[in-house]
Structures are given as structure tokens and as C-alpha cells.
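>>> Predicted model and sequence follow; I will ask about them next.
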Amino acid sequence: MAVTAMDVYRLLPKTNCAKCGEASCMAFATKLSEKETDLELCTQLSANEADKLADVLAPAVREIMIGKGNKAMMVGGDEVLYRYELTYYNPTPLVIDISDDMDPAEFEERVKKIEGTEFERTGELLTLDAIALRNKSGDVSKFKEAAEKLKSSKLALVLCSFDPEAMKAALEAVGDERPLIYGATENNIEEMAALALEYNCPIALFVPNDLEKMKELSRILRTKGIKDIILDPGTFVNDGIGDTLDNFVMMRRLAVEERDDDFRFPILGVPAIAWLDNGEDDINTAIKEATIAATLMDKYADMMIIHGTEIWELIPVLTLRQSVYTDPRKPQAVDPGLYEFGEINEDSPVALTTNFALTYYTVEGDLKAGKANGYLLVLDTEGRAVDVSVAGSQFNGKAVADLIKETGIEDKVKTRKMVIPGLGAPVSGEIEDESGWEILVGPRDSSALADFLREKM
């Protein structure tokens, strides 16, 4: 269960000294519970009191940092089983694998493709997070050489080998980059644990389809003083992923509901397994991998290793991640105000929309695609879409009239005509009465807005 503001407040000094920057201890407690401030800002707590409160604030799933500096990525940190209870933190890193036996030119080209994969959606640039180097060759020197090449990469690293000798060689080259060691098994746990401690790197524990053994080995790592552990119970795809999902769900329940310390770590999924018996150009395998990745992300995968690099495969996974890791209690919104498109002058048309992020960026994209010229007024509807804000009265005549005054649009154009979204038609008369502007009801779909502006205005 997520920690509430009252849980935190009970452990604060209750002096309301305001040294933390908040007006009261309750305000500070609220921000702490929402992860919007730092406990260190409270100077009134003793060391023991601070430690006790830190334990209370610690998420059910430990947060683990992989990489350093601008390459660092945070994994884990979830506190609830269901997103609607609070929110999910630290979006699932998407890691693309690369083999150490590839031709040098092919190796370099794949790295460039991984690093260069990006696209923008609703104002956010979506990218990949890390590269997983596989010791496919089985050769120690090749693994080390490939790791050295990746040291200059702009992404975090995951070193994939069950051979302690190969892992040590790679760590000699990139251990100071804080890569993830993947991984420890029942057969090599002593050697891999020693490397994790020597290089101060996080370690992945691979125990396929045996949660009792996973618990046993997790405890061994913890008793050695290793705190940064990622758990991989195996990703099984040949007969469906039912067993995989069962393991993921059980592990997350043990972490959140039972607070079982042996399972309070991030979970790693490996959809790349789908490619083991298929060729590089198999479209069906790419679709299968994307489907597995999306399913595992929905069921608690805190990190995933993927093989496919085609943008059409990655877009649905990246888009899903963006959606899952938004706060369901806070609609995504852009700043209200006045925006300009194309070449504008005093005769340019004026259109209106809401500040719901998906609505705004859809309208923006359609205006740019249609090479429209004009002004776009963005109304503060508390991040709600047009139809919802009309029903909730955020989209109303007075609000639009106030926006017109605040933006100074009347000083920029001679016209007093405005196009509102088709779904805003029920309040068109109210807007006219309050603003004094002539209101034209535009199309319901913004894909037709650019043509509408040219034809009607």
C-alpha cells in the first residue's frame, strides 16, 4: 500500500518551521508522499528519525541506478500493484541487444541505429535507453573488445554473459560506467557476486521459472551486502507467455503486498528471446516481440531487453510506455496561451483548442502538416479534452473571453472571428455573448482544420 501524507506527517517534527521551503509540515509531508521533494530538506530531524522516515518512504520495489552521469537510468521504484492507486514511477528502460561476434562495420552501424532511434509524441522525445552486449562468441577477448567499443556510447550498458572470466574482462574495460552485470545464476553466483562488489555494479539474478530458488539466491546476494539486484525469472515464449506473466505477477505481489525483502527488486523481461530460432528479417517475429514487450510492460516489467530495431516495431512499445508512465491523477497538459503557426499578420485567422496535451499536439501537427498560417488560442481546461471540458464547464464563454484579454490577441488581428472545435458547438453562443467575437464552429477532427481556415477565413 502506498504511503500517505498522514503516514509521513506523523514522523515529522510538526514545528512548521518552513525551513524546507513549505508553509507547514503537512505540506512537506504531502510533497514527500508524492515524491515531489527531498527528505534532506527537513533539518529538524535527528539521524535516527530521518532513517526511520526514509524506511517508510522507501518504495516497495527498490530503485536501482544503471549507468552514470548523463547515461544513468533509474529502474524500479514502484509502490502499488495498480496504476490507478497512485502512479508508476521510472519508465521501463528499453534495452537493445548487440552481439560481440558481429562484423565491425555491422556492429558500428547497429550501435548508431540504436542511439539514433527517436520520435516525438505529444511534445516528448521518445528514445531507447541502453545497449545490452551479448557474449555470443563465447570468447573472453572479443567480449572485452566489444565492451571497450561501447564505452563511448551515449547509452547505459548491460553486460550479458554467464562466464565470470568474460564478465571480469569486460568490467576491466567499462566497470567504471556502472553497467548492469547480467548475470548471476545458481552456478556462478559466488564469482558474479564478487565482481558486483568489486566494481560496485548492479547485478541481475537469472533463475528461470523457480521462485523458491530465486528467493534463496536473492537472499545470498543480500547477505553478501549487495543491494542493487534485478530479478529475471525467465521469459518463456514458445507455448505462450502465461508462465512468464504468472511469475511476474507473483513476484510483484510478494514485493508490494507481502513486503518480502527477497523480491523487493525490479523485474527484468527479455522479449528478445522470441528471435532465438528466427531470421533477422522475420516480420512475424518482430510483431511477436513487440506484443510480448507490451504485455510484459503492462504486468510489471521494470526493464526489458529487445532485439528488433525497426521503428515500426518500437513505436507501439515506446508509445505504450509513455502512456503507462503518466500520472492518472493528473491530466497531461500544455501551457495555455497564444501560439503562432506559419506566416502571420493582422489578417491571420484565429482558432481555439484546449490545453489537453494529446489534443494540442494533434492540432499542432495537423496545422503544420496542412501548412496553415494563423493563431491558435489554447484554453486552460485543466488538461481536459474538448468534449470533456464542455461537459465539465471548463470550456465556457467567460474563460474564452478572459483568454482573449490575457493574450492580447485583439491587438494582433483586425478580425474578430474565431474558429472553435466542432465538439465545442454547444457553447458557441455563450462564447459570442461573453467575448463579442463572431464564432465559427469548425470541424470535429482537426485534420480538416487547415483547409477550413483557408476556405472560411
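Looks like it came in fine. Residues are numbered from 1 along each chain as shown.

>>> Would you pull up how far stretch 206-215 lies from the middle of the chain?
27 Å (Cα atoms, centre = their mean, to the nearest Å).

>>> Figure out the length between the terminal residues of that stretch.
Distance across stretch 206-215, first residue to last, is 11 Å (Cα to Cα, to the nearest Å).

>>> quick check: mean pLDDT across that stretch?
Stretch 206-215 shows a mean pLDDT of 97.

>>> Show me what counts as buried in that stretch.
206-207, 211, 214-215 (16 or more other Cβ atoms under 10 Å). In this view, the C-beta of every residue, glycine as well, is placed from N, C-alpha and C.

>>> cool, stretch 341-359 as well?
Using 16+ other Cβ under 10 Å as the test for burial, stretch 341-359 gives 341, 348-359.

>>> swap in stretch 448-457?
By 16+ other Cβ under 10 Å, the buried positions in stretch 448-457 come out as 449-450, 452-453, 457.

>>> Run through who's touching it.
For stretch 448-457, contacts defined as Cβ atoms under 8 Å, 6 or more residues apart in numbering pick out 349, 351, 363, 366-367, 369-374, 415, 417, 419, 440, 442-443.

>>> at 6 Å what do you get?
349, 366-367, 370, 372, 374, 442-443 (Cβ atoms under 6 Å, 6 or more residues apart in numbering).

>>> Redo these as a markdown table? Include distance to Cys201, secondary structure and pLDDT.
Putting these into a markdown table (distance: Cβ to Cβ, whole Å; DSSP: H, G, I helix; E, B strand; the rest coil; pLDDT from 0 to 100) gives the following:
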| residue | distance to Cys201 | secondary structure | pLDDT |
| --- | --- | --- | --- |
| Pro349 | 58 | coil | 95 |
| Asp366 | 47 | helix | 93 |
| Leu367 | 48 | helix | 94 |
| Gly370 | 51 | coil | 93 |
| Ala372 | 52 | coil | 93 |
| Gly374 | 54 | strand | 94 |
| Gly442 | 56 | coil | 95 |
| Pro443 | 55 | coil | 95 |
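
>>> Name the member of those with the shortest distance to Thr87.
When the contacts of stretch 448-457 are ranked by distance to Thr87 (Cβ to Cβ), Asp366 comes first, at 29.9 Å.

>>> residues near that closest one, how many?
Close neighbours of Asp366, defined as other Cβ atoms under 10 Å, add up to 18.

>>> residues touching it, list them.
Contacts of Asp366 (Cβ under 6 Å, 6+ apart): 446-447, 449.

>>> Name the nearest residue to Ile420, ignoring sequence neighbours.
Leaving aside its sequence neighbours, Ile420 sits nearest to Leu352 (Cβ to Cβ, 6 or more residues apart in numbering; 4.8 Å).

>>> Could you check how far that neighbour is from Ile439?
Distance of Leu352 to Ile439, computed by Cβ to Cβ, to the nearest Å: 9 Å.

>>> same deal with Leu81?
Applying Cβ to Cβ, the value for Leu81 to Ile439 is 47 Å.

>>> The two - which one has more neighbours?
It is Ile439, of Leu81 and Ile439, that has more neighbours when counted by other Cβ under 10 Å, with 23 against 16.

>>> which SS state does that one fall under?
Three-state call for Ile439 (DSSP: H, G, I helix; E, B strand; the rest coil): strand.

>>> Dump the C-alpha coordinates for stretch 345-358 into CSV.
Provided in CSV are the C-alpha atoms of stretch 345-358 (Å, rounded to 0.1, in the frame of the first residue of the first chain):
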residue,chain,number,x,y,z
ASN,A,345,-0.2,39.2,-39.9
GLU,A,346,-3.2,41.3,-38.8
ASP,A,347,-5.5,39.4,-41.2
SER,A,348,-4.5,35.9,-39.9
PRO,A,349,-7.2,33.6,-38.7
VAL,A,350,-7.7,32.6,-35.1
ALA,A,351,-8.6,29.2,-33.8
LEU,A,352,-9.2,27.8,-30.4
THR,A,353,-8.4,24.5,-28.6
THR,A,354,-7.8,23.1,-25.1
ASN,A,355,-4.6,22.5,-23.3
PHE,A,356,-5.0,18.7,-23.0
ALA,A,357,-1.6,17.6,-24.3
LEU,A,358,-2.9,15.0,-26.8
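
>>> who touches it?
Residues outside stretch 345-358 that contact it (Cβ under 6 Å, 6+ apart) are 122, 332-334, 336, 359, 363, 373-381, 383-386, 389, 413-414, 418-420, 453, 457.

>>> Just the ones of the residues you listed in strands?
By the criterion of DSSP state E, membership of those in strands covers 374-379, 418-420.

>>> ok, which pair from those is furthest apart?
Farthest apart among those - using Cβ to Cβ - are Gly374 and Leu379, which lie 16.1 Å from each other.

>>> re the thing from before, return the subset of the buried residues of stretch 341-359 lying in strands.
341, 350-354.

>>> I'd like the residues you listed written out as TSV, with pLDDT and distance to Leu94 added.
Converted to TSV, these look like this (pLDDT from 0 to 100; distance: Cβ to Cβ, whole Å):
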residue	pLDDT	distance to Leu94
Phe341	94	33
Val350	96	41
Ala351	96	36
Leu352	96	37
Thr353	96	32
Thr354	96	31
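
>>> Just the buried residues of the ones in strands among the contacts of stretch 345-358.
Applying 16+ other Cβ under 10 Å to those, the neighbour count classes 374-379, 418-420 as buried.

>>> So which of those is the closest to Val95?
Closest to Val95, out of all of these and judged by Cβ to Cβ, is Val378, at 36.8 Å.

>>> which ones are touching the closest one?
By Cβ under 6 Å, 6+ apart, the residues touching Val378 are 336-337, 353, 355.

>>> Pipe those into CSV and attach distance to Val56 per row.
As requested, the contacts of Val378 are arranged in CSV below (distance: Cβ to Cβ, whole Å):
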residue, distance to Val56
Pro336, 38
Gly337, 41
Thr353, 43
Asn355, 36
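
>>> Thanks again, I'm all set now.
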